[in-house]
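>>> Sequence plus predicted model, see below.
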Amino acid sequence: MLSLTTPIENLGFVGTKNAPRLKRLGIKTVKDLLWHFPTRYEDYSQQTNIGDIKEAGGTVSIRGEITDIKNAFTWKRRLMVTEAMVSDGTGWLRVTWFNQPYLEKTLAPGTGVSLAGKIALDKKGLYLSSPAYEKVPPLKSITYNLKPDLTHTGRLVPVYPETEGVSSKYLRFLIRRALPKIDNLADPLPEALVKQYDFPNIGSALQTIHFPKTVQQAEAARQRFAFEELLLFQLRALRDRRQLQILQAPKIVFDKELVSNFVRGLPFELTNDQRLATYEILKDLGKPYPMNRLLNGDVGSGKTVVALIAAYQTASQNWQTVFMAPTEILAKQHFQTITALLSNLKLGISIGLLTGSESKIFDECGEQKTSKPKLKQKIAKGEVDIVIGTHAVIQKDVRFAKLGLVIIDEQHRFGVQQRMKLLKDSQPKTLVPHLLSMTATPIPRTLALTIYGDLDVSLIKEKPKGRQEIVTRVIPHSKRQSAYRFIEEQIKGGRQVFVICPRIETSSFDTNRQSLTTNPQFSINKLLWSEVKAVTAEYEKLNKEIFPHRRVAMLHGKLKAKEKNEVMKKFKAGHYDILVSTSVVEVGVDIPNAAIMMIESAERFGLAQLHQFRGRVGRGRHQSYCLLFTSGDTATTRRLRALEKTNNGFELAEADLRLRGPGEFTGLKQSGLPDLAMASLSNLELIKTARQEAKLLLKDNPTLTHHPALLARLNEMQRLVHFE
């Protein structure tokens with residue numbers, strides 16, 4: 001018998017040649033193989049008589065006997081063609097295969113076959129083109145009328161995620177051999193839940209998800225595994241939340257009068273959404289356990305000022321705040337925005353900027369440069385109230401005197417371990433700082449419930465008063481030249497242009513997404529080089545052919561941080577008219593004079609991502625435009641029309657989830673969700689059910705010791721999936 005932990009190379013017909021190929025798909029053990037679920041099924045279950053086949057184009061499943069077979073080399077196409085004739089008693093049909101000369105011996109005349117494939121037409125007539133095949137008893141055999149147990153034909157046939165050298169046929173072969181050798185599988189789902197929701201048990205579900213007899217069987221198995229995966233994620237989120245509530249945090253009391261005075265001193269009025277989000281955050285800061293809140297605001301909705309109010313409240317009670325941004329450009333921008341707001345208010349708050357290349361301080365004397373050692377010394381003494389920076393702020397030589405609040409901008413997750421890392425030698429060591437994460441990616445409700453299940457979420461949907469709507473237009477190929485003329489007129493008027501282009505050769509990368517997990521460095525390099533190639537091609541076209549008289553710059557992932565900063569600095573200062581970039585242009589970067597966002601091959605991006613790009617213009621007083629250049633068909637253009645109709649990022653995010661699926665929405669599956677849970681993120685009812693059952697399980701048995709198989713799966717998931 002096999003164990004789920006048996007290494008895949010120990011399975012028969014794998015060996016040293018195929019093991020590395022399987023590992024590219026993330027298949028390292030027998031369990032990985034059995035949990036490598038089909039993405040779809042080919043329905044070959046309805047058998048057709050050869051005599052009933054009258055036209056090309058359809059897919060058929062037939063059963064008969066080889067009456068003739070031979071190989072022939074075609075010099076024109078330089079291919080070996082195997083051509084056979086098959087009879088089932090109702091007629092004859094020609095069958096062809098390419099570059100498989102061994103079939104002449106494998107399927108000798110008299111061999112019974114089950115075939116499934118597409119009917120094609122050539123000058124000789126109808127034929128079956130490159131079908132899947134399996135041997136069955138021949139026509140005259142006494143056992144012919146017995147229905148054979150088929151794997152690749154004559155049934156619902158599973159189709160799997162593949163990679164070079166690993167076909168669905170090979171995976172079916174391996175899984176079919178492995179399934180009967182697994183015995184006494186422990187079912188992670190408690191028996192009561194299996195009965196309550198009429199789920200198949202784990203052994204039956206594994207059999208039917210791979211080799212179902214009906215579509216209903218397959219769907220029941222998928223639903224069962226999706227529920228199990230969602231339940232595990234909800235259990236993890238709820239346990240994380242409970243563990244957080246056991247910890248102690250600084251109790252930063254909500255001072256209503258202090259905050260009201262601060263808000264009245266701002267040069268603008270807060271929106272209702274900003275007020276509500278601020279209230280939710282300030283109430284959380286007053287609790288004795290650490291806040292774990294996500295501030296989810298649409299592009300340009302004013303998240304920074306909400307975070308600043310929380311930081312000001314924290315500073316007023318002698319606690320420090322660290323504000324982390326993913327890039328130096330964004331860190332500097334936050335520093336400039338916050339110091340500009342505070343300089344008018346004269347509140348006596350000190351702010352430090354600490355990045356890899358720069359260190360500054362802002363206090364009652366104004367803004368001044370300082371050395372990194374001196375700034376770090378001030379932070380350690382508690383003389384800096386708000387520290388803004390990149391991940392440089394969590395280096396081992398940065399210490400905080402009294403860290404009360406951590407604010408993270410545009411990072412996926414930042415957990416308790418990272419917060420503890422920030423404390424190091426800080427005092428008091430027993431207190432964990434509060435956490436406020438911010439994102440400008442509008443997150444659909446189902447995604448928030450699952451991926452961010454352990455966070456409280458505050459939403460800012462309203463735009464600040466007076467902000468102009470960005471005019472969005474889909475530009476088909478026929479209207480390119482007029483769009484270029486429009487861009488030229490805008491540049492003449494003193495405006496600047498962002499140009500975003502997608503990766504070249506995305507298909508070869510996307511077909512092997514799993515390689516990002518198995519060989520991340522190779523995959524990231526491949527991704528970056530494809531982006532460089534795309535940007536360079538677009539840069540050359542615009543610089544030499546379309547706008548040769550304009551100043552064009554380019555930005556891509558292979559540039560060093562210093563070079564990127566220099567390009568962005570010059571673009572912001574007006575030294576360039578056009579900046580050609582990949583999608584790495586930082587979310588939230590303020591270039592007030594950039595009024596045109598031009599996106600090449602816009603159909604390759606999701607609606608939510610296009611909305612993010614659009615939000616990088618419209619930050620100044622000029623009317624701004626987003627031009628979606630397409631190279632696709634009218635169906636693709638129809639999808640993009642949604643962007644013309646609305647500037648609401650949350651509506652677009654929901655549409656994106658429906659149209660492209662959650663794997664695309666989150667991008668390269670960085671969420672860590674397994675495929676079936678990922679596919680179920682549009683099923684709000686299933687997510688709610690999983691969450692409710694997770695709450696009940698933890699209420700009855702917080703340690704889950706009454707459910708050892710479920711606890712084992714949860715611990716395994718904790719090791720394999722990293723949000724933080």
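Arrived safely, thanks for sending. Here the structure is a predicted model, which is why all the values come from computation and not from measurement.
>>> domain assignment for the protein?
Domain segmentation of the chain under automatic domain parsing yields 1-45+159-184, 46-154, 256-286+302-439, 471-646.
>>> what's around the residue lying closest to Q245 once chain neighbours are set aside, how many residues?
Ranked by C-beta to C-beta, 6 or more residues apart in numbering and with sequence neighbours excluded, the top spatial neighbour of Q245 is Y289, at 4.6 Å. Any C-beta I mention is one placed from the backbone N, CA and C, and that applies to glycine too. Y289 has 17 neighbours, counted by other C-beta atoms under 10 Å.
>>> Check whether Y289 sits in a helix, strand or coil.
coil (DSSP: H, G, I helix; E, B strand; the rest coil).
>>> Tell me who's in contact with it.
L244, Q245, I246, L247, Q248, A249 (C-beta atoms under 8 Å, 6 or more residues apart in numbering).
>>> Now it: phi and psi?
phi -120, psi 160 (degrees, to the nearest 10).
>>> related to what we said a few turns ago, of all the domains of the chain, which one is nearest Q223?
Of all the domains of the chain, domain 1-45+159-184 sits nearest to Q223, with 12.2 Å by C-beta to C-beta.
>>> Start and end of that closest one, how far apart?
Length of domain 1-45+159-184, first residue to last, C-alpha to C-alpha, to the nearest Å: 10 Å.
>>> How about stretch 357-366?
End-to-end distance for stretch 357-366: 21 Å, by C-alpha to C-alpha.
>>> So what touches it?
By C-beta under 8 Å, 6+ apart, stretch 357-366 touches 328, 332, 335, 339, 342-343, 348, 350-353, 367-372, 374-375, 378, 384, 561-562, 565.
>>> and with 7 Å instead?
328, 335, 339, 348, 350-353, 367-372, 375, 384, 562 (C-beta atoms under 7 Å, 6 or more residues apart in numbering).
>>> Mind checking which of those land in helices?
E328, F335, T339, K372, L375, K562 (DSSP state H).
>>> From the contact counts, what lies against the helix or strand hosting K17?
Following DSSP states H and E, one finds K17 within helix 15-24. Here helix 15-24 touches helix 515-518, going by 3 or more C-beta pairs under 7 Å, 6 or more residues apart in numbering; DSSP states H and E.
>>> Which elements pack onto the longest helix along the chain?
Secondary structure of the chain per DSSP H: the longest helix is helix 215-246. On a contact count with 3+ C-beta pairs under 7 Å, 6+ apart, helix 215-246 meets helix 202-210, helix 675-679, helix 684-700, helix 708-720.
>>> list the buried ones in stretch 82-101?
By neighbour count on 16 or more other C-beta atoms under 10 Å, the buried set for stretch 82-101 is T82, E83, A84, M85, V86, D88, L93, R94, V95, T96, W97, Q100.
>>> The stretch 101-250 of the chain: helices as residue ranges?
103-106, 168-178, 191-196, 202-210, 215-246 (DSSP state H, counting those that start in this stretch).
>>> next one: the stretch 401-550 of the chain
416-423, 445-451, 480-492, 506-510, 515-518, 520-541.
>>> got the contact list for L698?
L235, L238, R239.
>>> From D240, how far off is it?
11 Å (C-beta to C-beta, to the nearest Å).
>>> Check D68 too.
D68 is 66 Å from D240, by C-beta to C-beta.
>>> Neighbour count: these two, which is higher?
Counted by other C-beta under 10 Å, D68 and D240 do not tie: D240 has more neighbours, with 19 against 12.
>>> Cross-check the contact I'm expecting between the more buried one and L455.
No - with contact defined as C-beta atoms under 7 Å, D240 does not reach L455; the gap is 9.3 Å.
>>> what bits of the stretch 201-350 of the chain have low per-residue confidence?
Low-confidence segments of the stretch 201-350 of the chain (pLDDT under 70): none present.
>>> meant to ask about the stretch 351-500 of the chain, not that
For the stretch 351-500 of the chain (pLDDT under 70), the answer is 411-429.
>>> ok, 50 please
Confidence mapping of the stretch 351-500 of the chain against pLDDT under 50 gives the ranges 412-413.
>>> now the strands for it?
351-354, 359-363, 366-369, 386-389, 403-409, 434-439, 456-460, 471-475, 496-500 (DSSP state E, counting those that start in this stretch).
>>> So which of those is the most surrounded?
strand 386-389 (a mean of 28; mean count of other C-beta atoms under 10 Å).
>>> How far off centre is it?
29 Å (C-alpha atoms, centre = their mean, to the nearest Å).
>>> counting contacts, what elements does it pack onto?
Checked by 3+ C-beta pairs under 7 Å, 6+ apart, strand 386-389 has strand 320-324, helix 328-345, strand 351-354 packed alongside it.
>>> L542 is nearest to which of those?
helix 328-345 (22.6 Å).
>>> Strand 403-409 and the closest one, what's the angle between them?
120 degrees (axes from the mean of the first three to the mean of the last three C-alpha atoms, to 10 degrees).
>>> which residues sit against helix 328-345?
262, 265-267, 304-305, 308, 323, 325, 349, 351, 353, 355-357, 360, 362, 367, 388-390, 409, 561, 565, 568, 586, 588-590.
>>> Help me confirm that M597 comes into contact with G615.
No - with contacts counted by C-beta under 7 Å, M597 stays clear of G615, the gap being 8.7 Å.
>>> before we move on, the earlier item: worst mean pLDDT among the helices and strands packed on helix 215-246?
Here the helices and strands packed on helix 215-246 differ in mean pLDDT, and the lowest is helix 675-679 at a mean of 65.
>>> For R40, give me its contacts.
V159 are the contacts of R40 under C-beta under 7 Å, 6+ apart.
>>> and the gap between it and R222?
Distance from R40 to R222, by C-beta to C-beta: 11 Å.
>>> Equivalent analysis for K564, please.
Counting by C-beta to C-beta, the gap from K564 to R222 is 44 Å.
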